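Visitor: Could you work out the structure for the sequence below:
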Amino acid sequence: MKNTVYIISGPTASGKSLIAYYLAKRINGEIVNCDSVQLYKYMDIGSAKPSKKAMSEIRHHLYSIEDPSVNMTVADYRKLAIETIDDILARGKTPIVCGGTGLYLNAILYDMDFGAAPDDEERRQELEELASQRGTQYMHEYLQGLDPEAASRIHPNNTRKIIRAIEAYEHGKGIKDLSECELNPDYDFRFYALTMEREWLYERINRRVTRLISEGLVDEVSGLLSKGYTYDLPSMKAIGYKEIIGFLNGEYDLFDAQELIMKNTRHYAKRQYTWLKRYDFINWVEIKKGDTVGDIVDGILGENHREEYV
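Guide: Just a heads-up that it's a prediction; the model follows:
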């Protein structure tokens, strides 16, 4: 029998960490991070890492493991994630992969098949946003996984050409649709994605951004800059960090920074939905107002546990 690996994904602010935490309690599980920003040290508030309480009660892996100056590639992440999943299974526990970074999900699911089903302008915006958040070296690594020959001809710092080469490969060479790709045969994936009415999700996003600022996001970003982490690092281009850097540089006031974070996070949530819809084997878990954590986990495991979902 294959080794069972749960995946809890969904758009940002949908409650993935909370559901993964209660699921782990039910099934003797341990949580494996699949969020590209939560990998970094010192970036706790802006990336909305799980609470210290949750981490003390359930073992969490691949959170705060890398210095913000390091550009974590997809290949780097895959190696760490697979090693971690195998270790959890070897100890008789159940891995629960939690996060919404699409390329990282692909790396686990498809054994480094970077396949995606790209679509014209939407795909271009997706690639440009990825380059903005993760940096040119990361995009070059992505291209290397698709087309090593093209990658060898393009300078690793030429973002525009790298993106064009990715598009050319995906459209010209016809990278396989995800539905045609073979899943990693080593695991039995149980893939769940949280979804909810769009306006409620946006309300949750706005509420969370307000909370993160009140909890000290500005001080966190100031601290990172004082440690020598510069605005041009891929890690510092993440949503929440780049906007606060703009505020600290005097480009706009804090209210405008907050509004920018809200807007950019909403756009990111839309892109996450688009990405997740490519997986034809995903199990969508629709959350409605009034549902409890128990209701959501019940839908996955069929057991009863009551805890208000907020």
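
Visitor: List the residues that contact the most centrally placed residue in the chain.
Guide: When C-alpha atoms, centre = their mean is applied to the chain, the residue found nearest the centroid is Thr101 (2.6 Å). Going by C-beta atoms under 8 Å, 6 or more residues apart in numbering, Thr101 touches Cys34, Asp35, Ser36. For every residue, glycine as well, the C-beta is placed using N, CA and C.

Visitor: Where is pLDDT lowest across the residues you listed?
Guide: Among these, Ser36 has the lowest pLDDT, at 94.

Visitor: surely it meets Tyr104?
Guide: Yes: if you go by C-beta atoms under 8 Å, Ser36 and Tyr104 touch, sitting 6.5 Å apart.

Visitor: Can you work out which residues contact both of those two?
Guide: Here Ser36 and Tyr104 have Tyr77 as joint contacts, going by C-beta under 8 Å, 6+ apart.

Visitor: any idea how far Arg134 is from Leu233?
Guide: Distance of Arg134 to Leu233, computed by C-beta to C-beta, to the nearest Å: 10 Å.

Visitor: Have a look at these two and say which one is more surrounded.
Guide: Higher neighbour count among Arg134 and Leu233: Arg134, with 24 against 19, using other C-beta atoms under 10 Å.

Visitor: Model confidence score at the more buried one, please.
Guide: 82.

Visitor: what's the answer for Thr210, then?
Guide: Per the predicted model, pLDDT is 98 at Thr210.

Visitor: Assign it to helix, strand or coil.
Guide: Following DSSP: H, G, I helix; E, B strand; the rest coil, Thr210 is assigned to helix.

Visitor: Residue numbering should commence at 42 henceforth.
Guide: In the new count, where the first residue is 42, that last one comes out as Thr251.

Visitor: and it, how many neighbours?
Guide: Neighbour tally, Thr251, other C-beta under 10 Å: 13.

Visitor: tell me which element the residue nearest to it when sequence neighbours are not counted falls in.
Guide: Nearest residue to Thr251, sequence neighbours excluded (C-beta to C-beta, 6 or more residues apart in numbering): Gln299, at 6.9 Å. If you go by DSSP states H and E, Gln299 is part of helix 295-317.

Visitor: try Val326
Guide: Val326 is part of strand 324-328 when elements are defined by DSSP H and E.

Visitor: sorry, back to before: which one of the contacts of Thr142 has the most neighbours?
Guide: Most neighbours among the contacts of Thr142, by other C-beta under 10 Å: Cys75, with 27 neighbours.

Visitor: quick one, what contacts that one?
Guide: Residues counted as contacts of Cys75 (C-beta under 8 Å, 6+ apart) are Ile48, Ser50, Ala122, Val138, Cys139, Gly140, Gly141, Thr142, Tyr145, Leu146, Ile149.
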